[in-house]
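S.K.: After the sequence you'll find the predicted model.
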Amino acid sequence: MSKVHIKADDFRFNNAKKWLPFLDACAEEDVPVAVGVIARNLIEKGISGSVRNRLNMANVEVWNHGDRHWREEDSAEFLGPSVEDQVKAIKACQKACRKVIGVRPKWFGAPFNLYDANTIDALKKFPGISGTYDIPWHPDIKSLPSYLNITCDVPDTDRKFGLDRAMKLSRPFIRRRHPFIVQIHPGNHWEDDCIDRFRTYVKWMKASGYEFVFADKLMP
Ligand SMILES: [Zn+2]
């Protein structure tokens with residue numbers, strides 16, 4: 001069976017509730033999903049018990065998506081800042097996930113997939129992080145290159161889930177039976193119809209011979 005991975009980005013304290021229908025759909029479809037958490041204000045504001053419970057279900061893995069998710073013209077949270085500042089950002093998210101959700105993320109991914117040499121030095125301080133999205137820095141660390149990503153939220157519709165787009169971008173991988181990553185942002189602008197389309201996509205992928213897996217099971 002070929003493998004596909006769902007990388008769901010940008011869980012924040014102020015969109016936490018919006019993730020509920022998406023997480024429910026993943027549970028009902030029996031699909032593993034990796035939720036990228038942004039730390040900022042998570043400890044101060046907290047999340048509801050129902051969101052916390054969903055994030056602790058067996059089909060959910062939480063990964064470290066930094067502290068503030070900022071980007072400027074030539075720099076970003078993990079592109080430009082010192083090693084020390086990058087360590088702080090990674091640490092802030094590890095701490096927030098531990099305190100608020102009760103989990104210790106094992107994967108890290110930089111906002112906008114932008115990183116530099118300092119990110120690699122920063123990651124060396126986190127032996128608990130055993131996998132990265134697109135940062136191949138050590139043979140013992142699993143890494144998934146960003147060329148495997150397909151972005152299924154349609155830019156000109158406020159980044160809602162696009163079924164046609166998802167199918168179109170999936171087909172070249174399916175034809176080669178190649179593993180790939182479905183990158184989505186369900187906490188941002190998704191509405192109920194996005195959840196329906198997402199469920200249709202999941203069923204279509206399964207019918208196409210694909211199994212949904214966590215990040216560390218995607219590549220042999
Ligand atoms: Zn992001």
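M.R.: Yes, it's here. Residues are numbered from 1 along each chain as shown.

S.K.: For this protein, give me the ranges with low pLDDT.
M.R.: Applying pLDDT under 70 to the chain picks out residues 156-158.

S.K.: Need the single longest helix in it, by residues.
M.R.: Assignment by DSSP state H gives helix 192-207 as the longest helix of the chain.

S.K.: And that helix, what does it pack against?
M.R.: Here helix 192-207 touches helix 20-28, strand 160-161, helix 163-175, strand 210-212, going by 3 or more C-beta pairs under 8 Å, 6 or more residues apart in numbering; DSSP states H and E. No exception for glycine: its C-beta is placed from N, CA and C like everyone else's.

S.K.: Can you dump the C-alpha atoms of that helix in PDB for me?
M.R.: The C-alpha coordinates for helix 192-207 follow below in PDB (Å, rounded to 0.1, in the frame of the first residue of the first chain):
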ATOM      1  CA  ASP A 192     -18.100  23.100   7.000                       C
ATOM      2  CA  ASP A 193     -18.000  22.500   3.300                       C
ATOM      3  CA  CYS A 194     -14.200  22.200   3.500                       C
ATOM      4  CA  ILE A 195     -14.600  19.400   5.900                       C
ATOM      5  CA  ASP A 196     -17.000  17.600   3.600                       C
ATOM      6  CA  ARG A 197     -14.600  18.000   0.600                       C
ATOM      7  CA  PHE A 198     -11.700  16.900   2.800                       C
ATOM      8  CA  ARG A 199     -13.700  13.700   3.700                       C
ATOM      9  CA  THR A 200     -14.400  13.000   0.100                       C
ATOM     10  CA  TYR A 201     -10.700  13.400  -0.700                       C
ATOM     11  CA  VAL A 202      -9.700  11.000   2.100                       C
ATOM     12  CA  LYS A 203     -12.100   8.400   0.700                       C
ATOM     13  CA  TRP A 204     -10.800   9.000  -2.800                       C
ATOM     14  CA  MET A 205      -7.200   8.500  -1.600                       C
ATOM     15  CA  LYS A 206      -8.100   5.300   0.200                       C
ATOM     16  CA  ALA A 207      -9.800   4.000  -3.000                       C
END
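
S.K.: Can you give me the buried ones in that helix?
M.R.: Buried residues in helix 192-207, counting neighbours by 16 or more other C-beta atoms under 10 Å, are found at 194, 195, 197, 198, 199, 201, 202, 205, 206.

S.K.: Check whether stretch 86-96 comes into contact with the ion.
M.R.: No - taking C-beta under 5 Å from the ion as the criterion, stretch 86-96 and the ion are apart, separated by no less than 11.8 Å.

S.K.: got the buried residues for that stretch?
M.R.: The neighbour-count check on stretch 86-96 (16+ other C-beta under 10 Å) flags 86, 87, 89, 90, 91, 92, 93, 94, 96 as buried.

S.K.: cool, stretch 31-47 as well?
M.R.: Buried, per 16+ other C-beta under 10 Å, within stretch 31-47: 31, 32, 33, 34, 35, 36, 37, 38, 39, 40, 42, 47.
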